[in-house]
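**Q** my questions are about this predicted structure, shown below with the sequence.
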Amino acid sequence: MPKAAFHNLGCKVNAYETEAMQQQLAQRGYEIVPFDEKADVYIINTCSVTNIADRKSRQMLHRAKKLNPQALVVAAGCYVQVASEELKKDASVDLIIGNNRKAELADILDARLAEKNEENRVYVLDIAHTHEYERLHLDRLGGHTRAFIKVQDGCNQFCSYCIIPYARGRVRSRSHEDVAEEVKGLVAGGYKEVVLTGIHLSSYGIERMEENPVSHGDWNHRELLALIKEVHAIEGLERIRLGSLEPRIITREFAEELAKLPKFCPHFHLSLQSGCDETLKRMNRHYTTEDYEARCRLLREVFDHPAITTDVIVGFPGETEEEFALTKEYLERIHFYEMHIFKYSRREGTKAAVMKDQIPESVKAERSDVLLSLETKMSEEYRKHYGDSVLSVLFEEITVIDGKEYLTGYTPQYVRAALPVTDREICSRMAGNIFEVQAEGFVTDEALRVKLQEITV
């Protein structure tokens, strides 16, 4: 029985695909072992979002070959897609499998290990010209509470800093039936919550809309809304979350229809990147700060205290002190629950990489520190709203906080809650289920202390 080890780099979509490939091999009889153990096959699902991600991908490939020089080392994913010629020259890499070929992993490995196909080591298609959604499927995951479900691949946006449209190709969407089938299987396995995710989730179904034109409105929200409603109807599922959204998908119809769905979690990750319109133009983002703010106001009209989170890039080429100050002021005004702050990282092959006025790393670091401090302040203020509330919590695991055991989980708004463990056996049985709790202040700045109210599931 061959042993296979996996290592994942990058986003939630990559993580989903790695789980699916791992499951694929397990079903073929491979023994899945930790990456640091000696294996017959090492599969690295690579990332290429930045030059640093490229370097980490190469490092992991070389590390795998050092762990067992006789093993097959497989490079898969985004870095493969944009650097296959470079990888062909790398003696540490035995097989090269691009995006939209990962579903063939087991067949490719079986043929190679059986010495039936030693000559072909490159499996990379022209991702820019494929319209087929690659069917990967999961019926189990490592945890037992929340499952990330990939429903869409590719991106048509071409932001000036991003290589992903070249690594992932154009928008391709999964069928409602296929998504529903996977969710039903996971729910039957005990999962209570799913997160619908994709490379550009808001584009879900846009290729079908272009084939059958309808009134587009601000964005294509009807296809995604229809999918959410179909998943919502699945018996036994308790919660639905969404991955990162394009701000323009937030229309009144979209928000009000979501608000009618009891299982929907009012947690919106709306990617922003900058609070300055001039910077947004250079980034080739397709909205203004005024547009974005209007969507946030709309969400707060329709939902009671929704969690709104975002991504921000500091130090984008040409970002002046005045532009950064505008961004900081804007972020304070919107008042996010959480912000992911990224220092701009130059990515070869993108328009931003050759822009004038690249910002020194020291300036990026200073600006990042300023926004990280702001993020901590705003996040604490958001959580304090729930300091004495009755909340619904999906508990996940027992963890140690300041030397004491707590059963921890999350509210629909993704606020962490911690229940003191008084009986470990009972708390272990509670993990994976939803309970009503009363908040009693905070265990830490990032976790509410709660006591049990009543069982809801």
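**A** Right, received. Where do you want to start?

**Q** tell me which element the residue nearest to residue 92 when sequence neighbours are not counted falls in.
**A** Spatially, and ignoring its direct neighbours in sequence, residue 92 is nearest to residue 65 (4.0 Å; C-beta to C-beta, 6 or more residues apart in numbering). Where you see a C-beta, it was placed from the backbone N, CA and C, and this is true even at glycine. Secondary structure assigned from DSSP states H and E places residue 65 in helix 51-67.

**Q** ok, then the element right after the worst-scoring helix or strand of the chain on mean pLDDT?
**A** Lowest by mean pLDDT, DSSP states H and E among the helices and strands of the chain is helix 206-211, with a mean of 72. Counting by DSSP H and E, the next helix or strand C-terminal to helix 206-211 is helix 222-232.

**Q** tell me who's in contact with the residue nearest to residue 92.
**A** Contacts for residue 65 (C-beta atoms under 8 Å, 6 or more residues apart in numbering) come out as 42, 71, 73, 91-93.

**Q** are any of those buried, and which?
**A** Among these, those classed as buried by 16 or more other C-beta atoms under 10 Å are 42, 71, 73, 92-93.

**Q** show me the two of these that sit farthest apart.
**A** 71 and 93 (11.5 Å; C-beta to C-beta).

**Q** would you say residue 184 is within a helix?
**A** Yes. Assigned with DSSP: H, G, I helix; E, B strand; the rest coil, residue 184 falls within a helix.

**Q** for the closest residue to it other than its chain neighbours, what are its contacts?
**A** Spatial nearest neighbour of residue 184, excluding adjacent residues (C-beta to C-beta, 6+ apart): residue 234 at 5.7 Å. By C-beta under 8 Å, 6+ apart, the residues touching residue 234 are 180, 183-184, 187.

**Q** what about residue 234, is that helix, strand or coil?
**A** Under three-state DSSP, residue 234 falls in the coil class.

**Q** got it, and residue 346?
**A** Assigned by three-state DSSP, the conformation of residue 346 is coil.

**Q** tell me where the stretch 151-300 of the chain has strands.
**A** 172-173, 193-198, 239-242, 267-269 (DSSP state E, counting those that start in this stretch).

**Q** does anything pack onto the top helix by length along the chain? Which helices or strands?
**A** Criterion DSSP state H: the longest helix present in the chain is helix 361-384. Secondary-structure packing of helix 361-384 (3 or more C-beta pairs under 8 Å, 6 or more residues apart in numbering; DSSP states H and E): strand 307-314, helix 321-334, strand 338-343.

**Q** which stretch among these approaches residue 291 most closely?
**A** Residue 291 sits nearest to helix 321-334 of all those, at 12.5 Å, using C-beta to C-beta.

**Q** next one: the closest one to chain centre, how far?
**A** How far helix 321-334 lies from its chain's middle: 26 Å, per C-alpha atoms, centre = their mean, to the nearest Å.

**Q** contacts for that helix, please.
**A** Outside of helix 321-334, the residues within contact range by C-beta under 8 Å, 6+ apart are 274-276, 278-279, 289, 292-293, 296, 308, 310, 312, 314, 339, 367, 370-371, 374, 378.
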